[in-house]
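>>> After the sequence you'll find the predicted model.
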Amino acid sequence: MRLDKYLTQAGMGSRSQVKEYIRKGQVTVDGQTETDCGRHIEEMCCEVICRGQAVGFQKMVYFMLNKPDGYLSATSDEREQTVMELLKDTGRRDLFPVGRLDKDTEGLLLMTNDGVLAHRLLSPARAVPKQYLAVLSREPSPEQQKMLERGLDIGEAKLTAPAVFAWRDKARLEALLTITEGKYHQVKRMFAAVDCRVLSLRRLSMGTLLLDESLAPGAYRPLSTEEVDGLLRLTGLKVPAGPEAKEENQHAAK
Ligand code: URA
């Protein structure tokens, strides 16, 4: 089908409006700007994005962002800057952050349009481990370290789930805490429950995905095939078989 007809049928505007969008370079086909209104579109194979919005078939994309301090993990906010501003260059408007980091928390944030994977990574039932690096105000005692690991009362209905505590650098009070839940301010509240303040917090991993330490705060990169496959496998989703299959949307609802 012709591109202009395809966009009109998809409800993106009248024939003349969509022609205007195409001529203005506001439409991409498989990641390339397309200014030819008559371009042939294979409906189930081409990924068409019109003014930032995916139309019909949607390719799943995955980016790792090294979230800096000072940005909200949200898709929009009236007053504060959000992580979406850091991914403007992708040209995509269908991305969202997988879970939330506090405004002042830094580190690994997965940005994707894959709602199925996101839901699975965040599902409490899957207990996906997340490792944080916390710089503490003081050293928790060995008994307090055990409490962090066994489960603590942070004012929720239940104690926190078992966690893993380790020192990355004890002299600098740099602690590693791996948790499998994602309650509001969880790491800060867990340390507060043992009389420690978190002076800074950085997420280092989520499941099999590790923060790429070469990314400066605010920088992002696409996930490698291995990284995507690792997350799909971890969450019980089908891993595409070969290079051609990877172009297909394997599991997400159309
Ligand atoms: N725990 C926190 O306290 N803050 C975060 O941003 C993430 C986990």
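Nice, I can see it.

>>> can we go C-alpha only for contacts and neighbour counts from here?
Fine.

>>> which residues sit in contact with the spatially closest residue to residue 91 that is not a sequence neighbour?
Leaving aside its sequence neighbours, residue 91 sits nearest to residue 52 (CA to CA, 6 or more residues apart in numbering; 6.2 Å). Residues in contact with residue 52 (CA atoms under 8 Å, 6 or more residues apart in numbering) are 26, 27, 91, 92, 93, 94.

>>> now these in CSV, with secondary structure?
Formatted as CSV, these follow (DSSP: H, G, I helix; E, B strand; the rest coil):
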residue, secondary structure
26, coil
27, strand
91, coil
92, coil
93, coil
94, coil
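
>>> Quick check: the gap between the residue in the stretch 151-254 of the chain that the ligand sits nearest to and residue 147.
Across the stretch 151-254 of the chain, the shortest distance to the ligand (CA to the nearest ligand atom) belongs to residue 185, at 3.2 Å. From residue 185 across to residue 147, the span is 18 Å (CA to CA, to the nearest Å).

>>> And residue 154, by the same measure?
Distance from residue 154 to residue 147, by CA to CA: 12 Å.

>>> I'd assumed residue 152 was in contact with residue 189.
No. Residue 189 lies out of contact with residue 152 (CA atoms under 8 Å); the separation is 9.5 Å.

>>> the more surrounded of these two?
The residue with more neighbours, out of residue 189 and residue 152, is residue 152; 22 against 19, by other CA atoms under 10 Å.

>>> Helices along the stretch 101-250 of the chain, start to end?
Applying DSSP state H, counting those that start in this stretch to the stretch 101-250 of the chain gives helices spanning 115-122, 142-150, 186-192, 225-234.

>>> Export those to JSON lines and append columns for distance to residue 47 and mean pLDDT.
JSON lines is the format used below for the helices of the stretch 101-250 of the chain (distance: least, CA to CA, whole Å; pLDDT from 0 to 100):
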{"stretch": "helix 115-122", "distance to residue 47": "17", "mean pLDDT": "96"}
{"stretch": "helix 142-150", "distance to residue 47": "46", "mean pLDDT": "98"}
{"stretch": "helix 186-192", "distance to residue 47": "39", "mean pLDDT": "98"}
{"stretch": "helix 225-234", "distance to residue 47": "19", "mean pLDDT": "97"}
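
>>> Quick check, pLDDT for residue 248.
At residue 248, the model reports a pLDDT of 50.

>>> no wait, residue 43
Residue 43 carries a pLDDT value of 79.

>>> Is it in a helix, a strand, or coil?
At residue 43, secondary structure determined by three-state DSSP is coil.

>>> what about it, neighbour count?
Quick note: residue 43 (other CA under 10 Å) scores 14 neighbours.

>>> My guess is it contacts residue 58. True?
No. Look at residue 43 against residue 58 with CA under 8 Å: they stay out of range, at 10.5 Å.

>>> ok, residue 185 and residue 147, which is more surrounded?
residue 147 (20 against 12).

>>> and the more buried one, how far is that from the ligand?
Between residue 147 and the ligand the computed distance is 17 Å (CA to the nearest ligand atom, to the nearest Å).
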